[in-house]
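# I'd like to go over a predicted model; first the sequence, then the structure.
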Amino acid sequence: MLPVERFTHFIQQNQLFEPQSRILAAVSGGMDSVLMAHLLKAAGYTFGIAHCNFQLRGHEADADQQFCSQLANRLQVPFHTINFDTQAYAQHHKVSIQMAARELRYQWFEQIRQQHQYEVIALAHHQNDTIETILLNLTRGTGIAGLHGIQPKNGLLVRPLMAFTRQEVADAVVQNQLPYVEDSSNASTKYARNKLRHEVVPKLRELNPNLENTFQRNLKHFKELELLLNSQLEALKKTIFTYQENAIRIAINGVKKLMPQHLLLHGLLKPYGFNETTVDNIINSLNKHAGRQFESLSHTLLLDRDHLILSAKRADEWAVVEIQSSDSKVHYGDYLIQISKNNTVENLNSTPMQAAMDEDLLIYPLTLRSWQQGDYFIPLGMQGRKKLSDFLINQKIPLTHKLQVPLLVNGNGDIIWVAGYRLDNRYKVTPQTKKVTIFELSKLS
């Protein structure tokens, strides 16, 4: 029997979603995600399956895709799939294959969620994934936030399988004779997570056979510590922060009294992009002459006589770049946008980093600019307009970074594309489209 009652209890206890919610389940075909799909079906939830083919394992990846299609058919649920050129994306954006796959899948999941009115995206992480994440964070260096591991719910991402350990998942799959596919790369220890899974965690379990239960208790303590720290930081802001129109003034006397000083000052400045090394330099300069300046990617902090003056950088804030119909590429801040024409309208899909749009709807010159108060657009897959500020919040873009998002604007003032995130629904390619223009965004090194 499937552990349906335990599954639904965990969902209710952690308020992951409601019984009537529409759920997009990310399914790779492996043991974990297959069990999640069967549990969702057995519990009576309304869901669809989403599967990414990263085209990294040749025929094996194609076979996984076919397996997931057949699974959706057996469960009688909608199936969504996509093929990514992951290696090209990684090379183009100068990121690792793992990071490229992560960026591509999460961007696509959110796109499918909105297009098909799913309310949450379900991921098949279990308790052992949290253990591995904490150990990874510890080896790389982490604050308190890195110690609570993977949370059952993070915005629209939910993880209902965290009710179970890896062994419990395996037992349920075997007992219920659920077919699944095995990703051969999971056995390789060249990846850090796999090395922890196959070599480190088994040794830790020899020291503590109840490793998962111990980690779950620790996770609760770490989460409570994080909540306590955040509460303290909010209280401190009310006493040493003074908000002005274009800056925040932080009382130096208040900073000197912080205890522990580095932890709390880093917590206060981290949302503005300042790392621990810079925070150390700020602390070491508090008793020195005024005038020293410290920078993050988005902000400048000036050491004044009695205050630290924090202000957002404005170098490219109001920059506007025009695009003519003959242009093949343009630069905007740290970005390059390449432009191409295509008379073939079949099999053209917009992604966050590449937008295909109906050429006949474009009014030149187009412009690239940053966010302005009152901006709105109609996100792809939706009918009603949405305030851009709300959209950026939903995408979890910090307020300090929203001015760095390029907006492609039509000659009539419509926002056509929030570059790197979403095309406007009015400009998408349709069966009636005759000519297509493709814009591709990349970050310059």
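That came through, no problem.

# in which helix or strand would I find the most centrally placed residue in the chain?
Nearest to the mean C-alpha position of the chain, by Cα atoms, centre = their mean, lies Tyr106 at 6.2 Å. Taking DSSP states H and E as the criterion, Tyr106 maps to helix 97-115.

# how is the chain carved up into domains?
4-214, 244-312, 321-443 (automatic domain parsing).

# just how off-centre is the helix holding Tyr106 within its chain?
The gap between where helix 97-115 is centred and where its chain is centred comes out at 8 Å by Cα atoms, centre = their mean, to the nearest Å.

# give me the sheet partners of the helix or strand that it is followed by and which way each runs.
Going down the chain from helix 97-115, the next helix or strand is strand 120-122, by DSSP H and E. Paired with strand 120-122 in the same sheet, following DSSP bridges, are strand 22-26 (parallel), strand 157-158 (parallel).

# including mean neighbour count, distance to Ala50 and mean pLDDT, could those go into a markdown table?
(Each C-beta comes from the backbone N, C-alpha and C, glycine too.) Compiled in a markdown table, the strands paired with strand 120-122 are given as follows (neighbours: other Cβ atoms under 10 Å; distance: least, Cβ to Cβ, whole Å; pLDDT from 0 to 100):
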| stretch | mean neighbour count | distance to Ala50 | mean pLDDT |
| --- | --- | --- | --- |
| strand 22-26 | 23 | 5 | 97 |
| strand 157-158 | 22 | 13 | 95 |
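
# coming back round to it: can you redo the domains of the chain as JSON lines with distance to Leu236?
Below are the domains of the chain laid out as JSON lines (distance: least, Cβ to Cβ, whole Å):
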{"stretch": "domain 4-214", "distance to Leu236": "16"}
{"stretch": "domain 244-312", "distance to Leu236": "6"}
{"stretch": "domain 321-443", "distance to Leu236": "19"}
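
# separation between the residue of the chain most remote from its centre and Leu303?
Within the chain, the residue lying farthest from the chain centre (Cα atoms, centre = their mean) is His289, at 41.3 Å. Going from His289 to Leu303 by Cβ to Cβ, to the nearest Å gives 8 Å.

# now swap in Gln98 and tell me
Counting by Cβ to Cβ - Gln98 and Leu303 are separated by 40 Å.

# same check, this time on Gln76
Counting by Cβ to Cβ, the gap from Gln76 to Leu303 is 65 Å.

# next one: Leu16
The gap separating Leu16 from Leu303 is 46 Å, by Cβ to Cβ.

# out of the strands paired with strand 120-122, nearest to Gly411?
Closest to Gly411 of those, according to Cβ to Cβ: strand 22-26, at 36.0 Å.

# quick one, the helix or strand just after that closest one and strand 22-26 angle?
Going down the chain from strand 22-26, the next helix or strand is helix 31-42, by DSSP H and E. Interaxial angle, helix 31-42 versus strand 22-26 (axes from the mean of the first three to the mean of the last three Cα atoms, to 10 degrees): 160 degrees.

# CA atoms only for the helix or strand following helix 31-42 - export them in CSV, please.
Next along the chain after helix 31-42, taking DSSP H and E as the criterion, comes strand 46-53. Extracted C-alpha coordinates of strand 46-53, given in CSV (Å, rounded to 0.1, in the frame of the first residue of the first chain):
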residue,chain,number,x,y,z
THR,A,46,-5.4,17.5,-9.6
PHE,A,47,-1.9,17.7,-11.2
GLY,A,48,0.1,17.6,-14.4
ILE,A,49,3.6,16.2,-15.0
ALA,A,50,6.5,18.3,-16.3
HIS,A,51,9.6,16.7,-17.6
CYS,A,52,12.9,18.3,-18.9
ASN,A,53,15.2,16.6,-21.4
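
# list the helices and strands strand 46-53 packs on?
Strand 46-53 sits against strand 22-26, helix 31-42, helix 59-75, strand 79-83, helix 97-115, with contacts defined as 3 or more Cβ pairs under 8 Å, 6 or more residues apart in numbering; DSSP states H and E.

# what strands line up against that strand, and which way round?
strand 22-26 (parallel), strand 79-83 (parallel).

# show me how far it is from its chain's centre.
18 Å.

# contacting residues around that strand?
20-29, 37, 40-41, 61-62, 64-65, 68-69, 71-72, 75, 77-84, 101, 104-105, 108-109, 112, 116, 118, 121-122 (Cβ atoms under 8 Å, 6 or more residues apart in numbering).

# quick one: terminal-to-terminal distance for stretch 259-273?
End-to-end span of stretch 259-273 (Cα to Cα, to the nearest Å): 22 Å.

# same question for stretch 113-129.
24 Å.

# and stretch 110-122, by the same measure?
First residue to last in stretch 110-122 (Cα to Cα) measures 11 Å.

# quick one: that stretch to chain centroid distance?
For stretch 110-122, the distance to the chain centre is 14 Å (Cα atoms, centre = their mean).

# who touches it?
16-17, 21-26, 36, 40, 47-48, 50, 78, 80, 109, 156-160, 351-352, 379-382, 395, 422.

# quick revisit: in terms of pLDDT, where does the residue nearest to the centre of the chain sit?
We have a pLDDT of 90 for Tyr106.

# re the thing from before, where do the contact lists of His289 and Leu303 overlap?
Counting by Cβ under 8 Å, 6+ apart, nothing touches both His289 and Leu303.

# buried set for stretch 43-50?
The neighbour-count check on stretch 43-50 (16 or more other Cβ atoms under 10 Å) flags Ala43, Tyr45, Phe47, Gly48, Ile49, Ala50 as buried.

# mind checking the pLDDT average for that stretch?
97.

# also stretch 421-431?
Average pLDDT, stretch 421-431: 90.

# gap between the two ends of it?
Stretch 421-431 has an end-to-end distance of 23 Å (criterion: Cα to Cα).

# redo the strands paired with strand 46-53 as TSV? Include distance to Asp358.
Output for those, formatted as TSV (distance: least, Cβ to Cβ, whole Å):
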stretch	distance to Asp358
strand 22-26	27
strand 79-83	21
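
# thank you, goodbye.
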